[in-house]
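**Student:** compute the structure for the input listed below.
(one chain, ligands or ions: 2)
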Amino acid sequence: MPYVTSRELLLDAQARQYAVGAFNVENMEFVQAVIAAAEEAKAPVILQTTPGTLKYAKPWMFAAMVKAAADRASVPIVMHLDHGDSFATAMNCFRAGYSSIMIDGSKQPFEENIRLTKSVADACHAAEIPVEAELGKVGGKEDDLVNGDDSPYTDPEQACEFVERTGVDSLAIAIGTAHGVYKVTPVLDIDRIDAVKKLVSVPFVLHGTSGVPDDKVRECIRRGMCKVNYATDLRIAFTEGVKAYIAKDPEVYDPKKYGAAGLANVKQYVLGRMEVLGCAGKA
Ligand code: 13P
Ligand code: ZN
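**Tutor:** Ligands and ions are numbered 1, 2, ... in the order given. Next up is the predicted model:
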């Protein structure tokens, strides 16, 4: 199956009312786990890395791994930059061969978010690479376990102006989710998806989904979320697998052994998510 862009996957998801899972990968074991789950579930899939992850391993490393795997895989696969924090980070990933780019100017004032997002969209569109942007604020920090700060929700009219002026292909809208482990159950403004959808036609992206109850995730998809992001729960699944292996065999010194235990846990977790998102069987 081809290495594809997120444009075709998200438009299909929008037309058929399911969501493509976008899973944050941290190393080779995560890449193998997510792709194995996608093949087993017959699901299209997006793998993504944050700028924090790209300090751990370079974008060319992730792009090369994922492209090589896509060439041999039975499902369509995307490599996406998650929460790109600058024009330079976006261009590094673009040049490394990522097939989808997010630029996140949501912490900037509205006009600056537009300027930054449009500059990335113009550069990527020259090579037909689609761009996701964010308006409003998803709480928490993408690379940390903390959350709980205020999450200003996306304003529908601003979203309409933002998409028109930047030309982005998909939009992360803030409805009350936060990145990281929830300390309290989030209060979601799901009706806001309908309000934005009245004015904006590009596919929407749900961030901060680890810990959001499945019925709420399904409802968000029914209303128009076409890409659903999971990071924290994969990190927890991997680490629990490794810890359990080492607890059982404290003398272990071969990383392949506990790495495989982490991989198996991530694969199981992703398989479960693909059922909830409705992307299983859609490839
Ligand atoms: P979680 O870590 O809460 O799953 O959020 C994932 C995300 O939005 C990645 O961009
Ligand atoms: Zn996010």
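**Student:** number of residues surrounding Asp215?
**Tutor:** 9 (other C-beta atoms under 10 Å). Placement of C-beta: from N, CA and C, glycine included.
**Student:** right, I mislabeled it, should have said Ala88
**Tutor:** By the criterion of other C-beta under 10 Å, Ala88 has 9 neighbours.
**Student:** got the CA coordinates for the host helix or strand of it in CSV?
**Tutor:** Following DSSP states H and E, one finds Ala88 within helix 87-96. Coordinates of each C-alpha in helix 87-96 appear next as CSV, following Å, rounded to 0.1, in the frame of the first residue of the first chain:
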residue,chain,number,x,y,z
PHE,A,87,8.3,27.3,10.4
ALA,A,88,11.7,25.7,10.7
THR,A,89,10.4,22.6,12.4
ALA,A,90,7.7,22.3,9.8
MET,A,91,10.2,22.6,7.0
ASN,A,92,12.6,20.1,8.6
CYS,A,93,9.8,17.5,8.5
PHE,A,94,8.6,18.5,5.1
ARG,A,95,12.2,18.1,3.7
ALA,A,96,12.6,14.8,5.6
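**Student:** got a list of contacts for it?
**Tutor:** 51, 54, 58-60, 62-63, 81, 84, 101, 103, 116, 119-120, 123-124, 127, 129 (C-beta atoms under 8 Å, 6 or more residues apart in numbering).
**Student:** how about a cut-off of 10 Å?
**Tutor:** 49-51, 54, 58-64, 67, 79-84, 86, 98-105, 115-117, 119-121, 123-124, 126-127, 129, 131 (C-beta atoms under 10 Å, 6 or more residues apart in numbering).
**Student:** mind checking which of these are in helices?
**Tutor:** Judged by DSSP state H, the contacts of helix 87-96 include 54, 59-64, 67, 115-117, 119-121, 123-124 as members of helices.
**Student:** which one of these has the most neighbours?
**Tutor:** Most surrounded of these: other C-beta under 10 Å gives Thr117, at 31 neighbours.
**Student:** need the contact list for it.
**Tutor:** 84, 87, 90, 102-106, 108, 131-135, 162-163, 165-168, 171.
**Student:** redo that, cut-off 8 Å
**Tutor:** Thr117 makes contact with Ile103, Gly105, Val131, Ala133, Phe162, Thr166, Val168 under the criterion C-beta under 8 Å, 6+ apart.
**Student:** now it: how far from Leu277?
**Tutor:** The gap separating Thr117 from Leu277 is 26 Å, by C-beta to C-beta, to the nearest Å.
**Student:** got the contact list for stretch 217-225?
**Tutor:** With C-beta under 8 Å, 6+ apart as the test, stretch 217-225 has contacts from 14, 17-19, 175, 188, 190, 193-194, 196-197, 203-206, 209, 228, 276-278.
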